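> Here is my input; please provide its structure:
(chains A and B)
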Amino acid sequence: MTARLYALLLRAYPREFRKRFAADMTAAFLQLAAERRARGGLLALWTLWLRTLVDVAVNAAGERRAPRARHGRAGSMTMAPHSLMQDLRYAARTMRRAPGLTLAVVLTVALGAGASAAILSIVRAVMLRPLPYADPGGLLTIWTEAPTGSRVASGWLGPRLGERLTPIAVPYLEDLRARSTSFSAIAGFSPSWEVTLTGSGEASSVQAIYVSDGMLDMLGLQPMAGRDFSRQDHERGSARVVLMSEAMWSRVGGRGAPDGRPIRLNGLPHAVVGLLPPAARLPATPGDIWIPFVHNPFAEFRQIPLMTVLARLRPGVTLNTAREELKSVARSLERDFSQSRDHGLAIVWLSDRMARRARPLLLVLAASVTLLVLIAVANVANLLLAQASARRREIAVRAALGAGRRRIVQQVLTESVLLGLAGAAAGVVMAHWTLSSLVALLAEDLPPGADVRIDGFVLAGTASLACAAGIVFGLAPAFAASRSEPSEALRHGVRAGAGGGRLRQALVTIEVALAFVLLTGSGLLLRSFWRLTDVDPGFRTERLLSVSMSLPDARYPSGAARAQLFERLLAETRSLPGIRRAALVNRLPLSGSTNNAVSIEIQGWEPDPERLNTDRRIASPDYFRAMAIPLVAGRLFEEGDTAESPRVAVINREMARRFWPGTDPIGAQVRIALLSGPGPWLTIVGVVGDVRHHGLDAEVRPELWVPYSQAPVSGMVLIAQTDVAPESLIEPLRRTVQTVDPELPVTPVTLESVVAASVAGPRSRTLLVSAFAAVALLLATVGIAGVVAYTVSRMTRDIGVRLALGANRASILQLVLRQALAPALAGLALGAVGALAATRWMGRLLFDITPSDPVTLAAVAAGLFGVAAAASLLPALRATRVDPVSVLRID
Amino acid sequence: MMATGDPRSYLPLTEVAFEILLSLAEGERHGYDIMKDIEHRTDGRLRLHPGTLYRTLARLLEEGLVEQSGSAGDGIEERRRPVRMTRLGAGVARAEAGRLAAQVAQARQRRWVRRPL
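Predicted coordinates for the structure are as follows:
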């Protein structure tokens, strides 16, 4: 990395010089860098880079200008510190003398640098910063490779819908350990698991994680106090013990080392035996309490993919060897367990898996920021070029007083690097202010618990970027300044903006082209987002409140007990003023919980568990009415459907279409394959409308609804339809639930917020890229206006002559506009090509729209042209008011 | 490329050039060693960067005051070539030292410098 970066810098030298010395210089630089790094850390390394930029810029410039040495002189090529100080002082004075220009440049750079510092912090947190464990780069994850795509989506590390890599069922852990030799350690953990903590104040819902033995060892960690789980703690029938974070320990009233005192989780006492060190945060899985897997109700089932498996390779074993071995392990598992049929095993680096989901978004953001920075640099180069032509006289005076070209180039570069650094400093402050809201905005797209902050790496990166930008936007003015012959400049004085005209027009072309690409990206996201929010979710979202509840098994052991509690809850809720209906459902649509896939059998059909697969949902009779889910055929659940009455089910339209195309499903008999075996036969009594449970952009799956009275599970969501604004009933509803059972944690939320949260990802992406695009547009407008004003000032004399010769004002306006808009039009053409090429890989982030959407491209082209025309109009109008007499008199 | 002629025609040397020749007095060295040696001998007053060092070395090579051994291998390590002083270089360095000594002697007469103890 260091070597490549330095090699890039060396390209500034003439080829001849590079061929002879590049290797030696790189070697020397690498040694220097290693030494600085070892002695002074990142800061020293960063200072070295800063000095190196100046070192290379000055010497490469000198080498290009005067490749042959004069006889007898070995050149005075050292950057004496006092001359640098001199330059800095001089630069500061120049900046103070032109505060407007300085402010404009610093603000422009700050916008670019701030955006890149913020995005760099996020990229760093998600993709670059190592996890806080021992040798995090050596951590692998092992997955089951299913023959078909996953039907559930779970967590950050887990699969998305349709993905083939799924977690591993807990019982396989011992098989993996026993049948493979490639790994020095294998351990696993569950997704975050909501448990109810009682016994210390109000009941609350906290996140726990089930872990296998050896998890702390895997991460190279020790308990902070107390002990790790013992071998026996993981055996069936052992006492319930937990490890917890220090924060959780003090929350339950613990002091000092844990003493085995019990806490109540889901109504059962658990002894706290040890405290987790702060680094014991499992990847992308928040949880303050660790519980041995043996106490998880699903840990014994081979068909439940519950566990993310971490592993480390034995020393000397390559990834490929391990992969080959896992293939044969998978074959042996297939032989021994029917659940493993057609399943493979796959290994993926943990770091890759962590970054996977954020990558498309981060790429888009990084690309947007890059475009923004380039536009900012082009803009600043433009401003400085204008200033350089105004400063020719001053520079000529310095040259006449004996300053060499090298000194002048160095001086001008020092100024622009200083401007760049000032901008970077302001940008970092801006990034610091906005980072937390940015992280909140992107929460959907970042791994849970991602540690996003501006660290030394981000600072160094931003500062380097600013320096590089400073050199890039300073080079043109620097050479323009050094090229001029002092005698000539002094004799003629300074004519406004001589020189650099073509370069400035080229810069406008580039700016417009870059802005085009960025605007197209944002336009695509915007249109895609509008389409997404236009999708009919299949249910009402207004005036609905929901409360998720999970009844602890310890206090509600039977279905009858649970049904009784929920009946009471429904009755109490209905009696609240302002509530029209109350109902129950096991999962809220669009809430992200999708773990409902079951295999079914249909009477009279061949069993086919792969194809006959639906989502099972549980609801009380009023649910469909409360949510305005339409009845398509047959009937809804009724109060008469009780635990004792014949078993019934309602299906959605998609299930009817898929399994009974062209025939009537009413009256058909289906049964669900439960973990314990096939369930009872159910009679289909009705068909209801489709609901987009998995997301507005996800396909609708077949759904089988069963009445709550016939499937009284412990985790349900209470739905309340209100006659008034639902927010006003949040508190009354919370109190009502608490009077029925004070140990239930309650947080009512509106359905509208659930739906809004489901499109939070696309919304934040759109918002961010649009913000970048808006800034880009602003910068491009300023750039265009600046260059047109400059063109007009150069044409003033020409215009005066034309006017004197009788040209009318309209033709002058036309002339100026044509000249002024030419670079912008070239930029539009270039930008359209660039946009088509650049947005191609955005497909994955778009919904129901192609990256080459002609409407977006046309709108962007028209909008940019309008802006360019508007920006040109004012200076052009000024040109028509030129007074020919006064212009001609000057000469 | 070996220039010949009177060492005195190369004078005066720049500070960097003279320091480089001083460093090479003890034998051939790589670039990094030269930088470190100069930094050490001047108590950190003169810290060279590769750009400055090699630009000066290029001049010295051109004028035949130093020479480089041939390259071998492809990796960065193998491609580094040590630099050593030529006979002409040694002569020029001595001539420069004499010139400086004469200057210092003049300064001393005016009591600008104290005699070394």
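
> Could I get the buried residue list for the longest helix seen in chain B?
Longest helix in chain B by number of residues, with DSSP state H as the criterion: helix B:87-109. Neighbour-count burial for helix B:87-109 flags B:88, B:89, B:91, B:92, B:93, B:95, B:96 (criterion: 16 or more other CB atoms under 10 Å in any protein chain shown). For glycine as for every other residue, the C-beta is placed from the backbone atoms N, C-alpha and C.

> I'd like to know how far the nearest residue in space to the third one that is not next to it in sequence sits from residue B:62.
What that stands for is residue B:91. Leaving aside its sequence neighbours, residue B:91 sits nearest to residue B:7 (CB to CB, 6 or more residues apart in numbering or on different chains; 3.9 Å). Taking CB to CB, to the nearest Å as the measure, residue B:7 falls 16 Å from residue B:62.

> Please verify my assumption that the residue nearest to residue B:91 contacts residue B:98.
No - using CB atoms under 8 Å, residue B:7 makes no contact with residue B:98, being 9.6 Å away.

> Could I get the full set of helices for the stretch 751-891 of chain A?
A:751-758, A:760-804, A:809-838, A:854-880, A:884-890 (DSSP state H, counting those that start in this stretch).

> and what of chain B?
So, for chain B - with DSSP H - the helices run B:15-24, B:31-41, B:50-62, B:76-79, B:87-109.

> Please identify the buried residues of stretch A:832-850?
Quick answer for stretch A:832-850 (16+ other CB under 10 Å): A:832, A:834, A:835, A:838, A:839, A:842, A:845, A:846, A:847, A:849.

> again with stretch A:566-580
In stretch A:566-580, counting by 16+ other CB under 10 Å, buried: A:566, A:569, A:570, A:572, A:573, A:579.

> Could you do stretch A:795-810 as well?
For stretch A:795-810, by 16+ other CB under 10 Å, it's A:795, A:796, A:797, A:799, A:800, A:802, A:803.

> How about the contacts made by the nearest residue to the last one once chain neighbours are set aside?
Yep, that's residue A:803 we're talking about. Excluding the flanking residues, the one nearest residue A:803 by CB to CB, 6+ apart is residue A:884, at 4.2 Å. By CB atoms under 8 Å, 6 or more residues apart in numbering or on different chains, the contact set of residue A:884 is A:800, A:801, A:803, A:804.

> Repeat that for residue B:47.
B:35, B:38, B:39.

> For it, grab phi and psi.
phi -110, psi 110 (degrees, to the nearest 10).

> what are the ranges of the strands in the stretch 151-300 of chain A?
For the stretch 151-300 of chain A, strands defined by DSSP state E, counting those that start in this stretch occupy the ranges A:165-166, A:183-189, A:193-198, A:204-211, A:225-226, A:241-245, A:262-265, A:268-276, A:289-292.

> count of neighbours near residue A:19?
10 (other CB atoms under 10 Å in any protein chain shown).

> okay, the nearest residue to residue A:138 once chain neighbours are set aside: pLDDT?
Spatial nearest neighbour of residue A:138, chain neighbours left out: residue A:312 (5.3 Å); criterion: CB to CB, 6+ apart. With respect to pLDDT, residue A:312 scores 94.

> can you tell me the helix or strand for residue A:598?
In this assignment (DSSP states H and E), residue A:598 forms part of strand A:597-602.

> how far does the helix or strand just after that strand sit from the chain's center?
Scanning forward in sequence from strand A:597-602 by DSSP H and E, the next helix or strand is strand A:613-619. Offset of strand A:613-619 from its chain centre (CA atoms, centre = their mean, to the nearest Å): 32 Å.

> Check stretch B:34-43 too.
12 Å.

> related to what we said a few turns ago, kindly identify which of the contacts of residue B:47 also come near chain A.
Applying CB under 8 Å from any CB of the partner chain to the contacts of residue B:47, one finds that residue B:35 fall near chain A.

> now the contacts of residue B:47 as TSV including pLDDT, neighbour count and distance to residue A:440?
Compiled in TSV, the contacts of residue B:47 are given as follows (pLDDT from 0 to 100; neighbours: other CB atoms under 10 Å in any protein chain shown; distance: CB to CB, whole Å):
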residue	pLDDT	neighbour count	distance to residue A:440
B:35	91	25	49
B:38	92	22	53
B:39	89	15	49
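
> returning to what we had before: of the helices of the stretch 751-891 of chain A, which stretch is the most buried?
helix A:760-804 (a mean of 20; mean count of other CB atoms under 10 Å in any protein chain shown).

> could you say what helices and strands it packs with?
helix A:99-123, helix A:359-390, helix A:405-441, helix A:501-534, helix A:809-838, helix A:854-880, helix A:884-890 (3 or more CB pairs under 8 Å, 6 or more residues apart in numbering or on different chains; DSSP states H and E).

> now those in a markdown table, with mean pLDDT?
What follows is the helices and strands packed on helix A:760-804, written out as a markdown table (pLDDT from 0 to 100):
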| stretch | mean pLDDT |
| --- | --- |
| helix A:99-123 | 87 |
| helix A:359-390 | 84 |
| helix A:405-441 | 85 |
| helix A:501-534 | 88 |
| helix A:809-838 | 88 |
| helix A:854-880 | 88 |
| helix A:884-890 | 71 |
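
> low-confidence ranges in chain B?
B:1-5, B:70-79, B:115-117 (pLDDT under 70).

> Enumerate the residues of it near chain A.
B:9-11, B:13-17, B:30-32, B:35, B:46, B:48-60, B:62-63, B:65, B:71, B:76-77, B:79-81.

> are any of these buried, and which?
B:10-11, B:13-17, B:30-32, B:35, B:46, B:48-60, B:63, B:65, B:80-81.

> contacting residues around the nearest residue to residue B:67 once chain neighbours are set aside?
Computed as CB to CB, 6+ apart, the closest residue to residue B:67 that is not its neighbour in sequence is residue B:86, at 5.3 Å. For residue B:86, the contact set (CB under 8 Å, 6+ apart) comprises B:2, B:64, B:65, B:66, B:67.

> ditto for residue A:333
A:172, A:175, A:179, A:340, A:343, A:345.

> ok, those vs chain B, which is closest?
residue A:345 (39.1 Å; CB to the nearest CB).

> Relative to residue A:329, how far out is that closest one?
Following CB to CB, the distance that separates residue A:345 from residue A:329 is 6 Å.

> Show me the common contact partners of those two, please.
residue A:176.

> The closest residue to residue A:188 other than its chain neighbours pairs with what?
What sits nearest to residue A:188 in space, not counting adjacent residues and going by CB to CB, 6+ apart, is residue A:307, at 3.8 Å. Residue A:307 has these beta-bridge partners by DSSP bridges: residue A:168.

> domain assignment for chain A?
Following automatic domain parsing, one finds the domains of chain A at A:1-67, A:94-118+A:359-529+A:763-885, A:147-342, A:544-724.

> Going by mean pLDDT, which of the ones you listed comes out lowest?
Across the domains of chain A, the lowest-scoring stretch is domain A:1-67, with a mean of 79.

> number of nearby residues for residue A:555?
For residue A:555, the neighbour count with other CB under 10 Å is 16.
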